[in-house]
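Student: Below is the structure, and that's it, no one-letter string:
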């Protein structure tokens, strides 16, 4: 049996008298796209923050490749190979795609220039070109401010950056929410490329047809609890809506 690359067991999180999560289980396997779905207030954002190190659970265990870990910060989660692409993308609009790819991880030149803080721009550009080519990302230019690129291209840069530094899992929060049809298809193709490169992708989305089209498996939250874990093959939109709104679809344990 394949070991989950990321597994959470009995995760609970309370805010005063509000139970945001109650004994939630979640897992994602290498090389799969797992959709995390639920109605507003189901606990998706809280669980994502916990699994990406932005928040800590009151109870529960998190494991990476079967080993228990404790995330004290987003940096700690990143050190374990977990990256997150948020809806606002967290890109620097006046920097180029290359500079955004290395934002916070800039490479310095060797010797005295490096000790003086001189960036190795040719090396960063070469690595950026390799990363974009590996994922099939075609940009209008690598030398213009990213604010001048289309929404789909900006999203592609954010995903490519996450894939470059994530060794295990990428969380993607509504990655196509503000995109047109053609841009959406390109971003979905990029997400498949990331999966095919061996990374696990967790897709948080309210777009049920899109979930069925791209996800290998779905995990459903309802009112802060896990209500279903199931492969998407053979599912209908009605099945997902039923699980999210009434929890009546049932819980299917999945073995890849």
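Tutor: It's in. For clarity, every value in this text was computed on a predicted model and none was experimentally measured.

Student: Okay, helices next: where are they in this protein?
Tutor: 44-51, 74-79, 97-101, 111-115, 121-134, 151-165, 181-196, 208-214, 237-245 (DSSP state H).

Student: Make CSV out of those and add mean neighbour count and mean pLDDT.
Tutor: C-betas here are computed from N, CA, C, even on glycine. Supplementary listing: those in CSV, determined by neighbours: other C-beta atoms under 10 Å; pLDDT from 0 to 100:
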stretch, mean neighbour count, mean pLDDT
helix 44-51, 22, 95
helix 74-79, 16, 92
helix 97-101, 23, 94
helix 111-115, 10, 86
helix 121-134, 15, 93
helix 151-165, 22, 90
helix 181-196, 17, 90
helix 208-214, 16, 94
helix 237-245, 17, 91
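
Student: can you tell which of the ones you listed is closest to residue 226?
Tutor: helix 44-51 (9.5 Å; C-beta to C-beta).

Student: what's the offset of that closest one from the middle of its chain?
Tutor: Relative to the chain's own centre, helix 44-51 is displaced by 11 Å; criterion: C-alpha atoms, centre = their mean, to the nearest Å.

Student: confidence score at the spatially most central residue of the chain?
Tutor: For the chain, the residue nearest the mean C-alpha position is residue 171 (1.3 Å; C-alpha atoms, centre = their mean). At residue 171 the predicted local distance difference test score is 95.

Student: Could you do residue 180 as well?
Tutor: Predicted confidence (pLDDT) for residue 180: 84.

Student: Pull the number of nearby residues for it.
Tutor: 11 (other C-beta atoms under 10 Å).

Student: For it, grab phi and psi.
Tutor: When quoted as degrees, to the nearest 10, the phi and psi of residue 180 stand at phi -80, psi -180.

Student: what sits against it?
Tutor: Residue 180 makes contact with 151-152 under the criterion C-beta atoms under 8 Å, 6 or more residues apart in numbering.

Student: And it, how close does it get to residue 187?
Tutor: Per C-beta to C-beta, to the nearest Å, residue 180 is found 11 Å from residue 187.

Student: shared neighbours of those two, anything?
Tutor: Residues touching both residue 180 and residue 187 (C-beta under 8 Å, 6+ apart) are residue 152.

Student: and residue 178, backbone torsions?
Tutor: The phi/psi pair for residue 178 (degrees, to the nearest 10) reads phi -110, psi 20.

Student: need the contact list for the closest residue to it other than its chain neighbours.
Tutor: Closest residue to residue 178 apart from its sequence neighbours, by C-beta to C-beta, 6 or more residues apart in numbering: residue 151 at 5.8 Å. Contact analysis of residue 151 by C-beta under 8 Å, 6+ apart lists 178-180, 183.

Student: if you set the cut-off to 10 Å instead, what comes out?
Tutor: When contacts are counted by C-beta atoms under 10 Å, 6 or more residues apart in numbering, residue 151 touches 89, 176-180, 183-184, 187.

Student: Repeat that for residue 97.
Tutor: Contact analysis of residue 97 by C-beta under 10 Å, 6+ apart lists 91, 125, 128, 132, 137, 139-146, 149, 153-154, 156-157, 160-161.

Student: so residue 36 makes contact with residue 221?
Tutor: Yes - counting by C-beta atoms under 10 Å, residue 36 sits close enough to residue 221 to count as a contact (7.1 Å).

Student: Can you give me the neighbour number for the nearest residue to residue 246 once chain neighbours are set aside?
Tutor: Of all residues not flanking residue 246 in the chain, residue 222 sits nearest, at 8.0 Å (C-beta to C-beta, 6+ apart). Residues near residue 222, counting by other C-beta under 10 Å, number 20.
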